[in-house]
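Colleague: quick one: sequence and predicted model below, then my questions.
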Amino acid sequence: MTKVFVTGMGLITSLGDSVEANRNALRSGKSGITSIELFKSKYADLLPFAEIKISTEKLKETLTVNSVSVTRTSLLALHACRQAIDDSGLDSSQIQSMRTAIIGANTVGGMCLTDELYRDANSKELGSPYLASYDAGSVTLFLQDQLGLKGIANTINTACSSSANVIMYGARLIRNGLADRVIVGGVDSLAKFTINGFNSLHILAKEACKPFDKNRQGLNLGEGAGFLILEKESFVENKKVYAEISGYCNANDAFHPSSLSEQGEGPFNAMKGALENAGLSAKDIGYINAHGTATENNDQVESVAMLRLFETVPHFSSTKSNTGHTLGAAGAVEAIYSILSLYYSELYPHLRFNDPIPETRLIPVQEFSKKDLSHVMSNSFGFGGNCTSLVFSKV
């Protein structure tokens, strides 16, 4: 079965509008968690968020997109997607080939324009231009149209594991001969709909989040987009290759709509299955980019699962301490961060950690350092117990 390689990456988060800007921010221990400035919310002055400090109008101008109904979600996706394509050096014939697929992920879709849609629905009889851009699939359709894509297209929404599942799905398309290359990625923008929903769960922290800390109070919502170009082995000769996607696994905890079981069955089986799929043992993993939401349940359970699987837990951190929780984008954003660690032999500092969880005593990476790595793991766990682990290997 053919191997699958990452040949291009694109990124925009609260840390910066490119892969290199994000890498520099991670190296220096920068946090993008501040306050909301670009849209109105009753929680703007009460809670911290990881907002991208580029207005929607500026994104439209930069990307030369003029449609009134295009959403911030779609614009962030286009920004990162174009970067990934340029990074991989793909030409228009390759992008528009029937053998090039696009698989996107998000949870918000066009819900960032809920107020606009609501106003239209109550004032117009002939429908609203915001309606077609409201659902999750609208982002992938927008990218299809902008880039002239003709191959397989799909959208996955499994909450916080969405774009990790997109990467897994894209790799499977290539491994099974259904595509030669796949554009994969995830995106989400901050929206009142999301903020109000997470606030109702009582898991939004009133200060910058502290993943894996004894005194963690909850998560900070963020926004961002991450896209990767996956290509089959025979297509990457003489190309820059960041990593091989060597293993992946999705496992459902099937315990609770918004919590994981105390034994961490879903995370444990996802990590174990990804290792088996890659043909690796636990001791081969040099670093884990943990899901690490800074909620009471997640960090405890993920710690338990790591202790179950690894005789000695490898270096790990949660980059949500830098970017907040970017929801449907998180799996792709953190996969790119994991690949950066692997490609540049770097470990980035986990922020705001003081005291370990008493029951597990695990301590994340505290300082930036150089570290030779052969294999890294990225974890993404979603609502409903949808748990996915990815393994990337050095080429």
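Modeller: Yep, it's here. Remember, predicted model here, so these are calculated numbers, not experimental data.
Colleague: and L141, how many neighbours?
Modeller: The local packing of L141 (other C-beta atoms under 10 Å) involves 18 other residues. For the C-beta atoms, the positions are set from N, CA and C on the backbone; glycine is no exception.
Colleague: could you check how far it is from L275?
Modeller: Noted for L141: a distance of 36 Å to L275, by C-beta to C-beta, to the nearest Å.
Colleague: which residue lies farthest from the center of this protein?
Modeller: The outermost residue of the chain, judged against the average C-alpha position, is E125 (38.4 Å), by C-alpha atoms, centre = their mean.
Colleague: does the most centrally placed residue in the chain sit in a helix, a strand or a coil?
Modeller: For the chain, A330 is the residue whose C-alpha lies nearest the centre (C-alpha atoms, centre = their mean; 2.2 Å). When the structure is reduced to helix, strand and coil (DSSP: H, G, I helix; E, B strand; the rest coil), A330 reads as helix.
Colleague: how about it, what does it touch?
Modeller: C160, S163, A164, G186, H291, K320, S380 (C-beta atoms under 8 Å, 6 or more residues apart in numbering).
Colleague: one more time with 10 Å, if that's ok
Modeller: Residues touching A330, when contacts are defined by C-beta atoms under 10 Å, 6 or more residues apart in numbering, comprise 105, 107, 159-164, 186, 188, 222, 224, 226, 291, 293, 319-320, 323-324, 378, 380-382.
Colleague: can you flag the buried ones in these?
Modeller: 105, 107, 159-164, 186, 188, 222, 224, 226, 291, 293, 319-320, 323-324, 378, 380-382 (16 or more other C-beta atoms under 10 Å).
Colleague: in which helix or strand does the nearest residue to S128 once chain neighbours are set aside reside?
Modeller: Here the nearest residue to S128 in space, its sequence neighbours aside, is D120; by C-beta to C-beta, 6 or more residues apart in numbering that works out to 3.4 Å. Element membership of D120, judged by DSSP states H and E, is helix 114-123.
Colleague: re earlier: which ones among the contacts of A330 map onto strands?
Modeller: Among those, the members falling in strands are A105, G186, D188, G224, G226, S378, S380, F381, G382 (criterion: DSSP state E).
Colleague: tell me which element V139 falls in.
Modeller: For V139, the element it lies in under DSSP H and E is helix 137-147.
Colleague: so which bits of that helix are buried?
Modeller: Of the residues in helix 137-147, those with enough neighbours to count as buried (16+ other C-beta under 10 Å) are S138, V139, T140, L141, F142, L143, Q146, L147.
Colleague: likewise stretch 61-72?
Modeller: Of the residues in stretch 61-72, those scored as buried under the neighbour-count criterion (16+ other C-beta under 10 Å) are L63, S69, V70, T71, R72.
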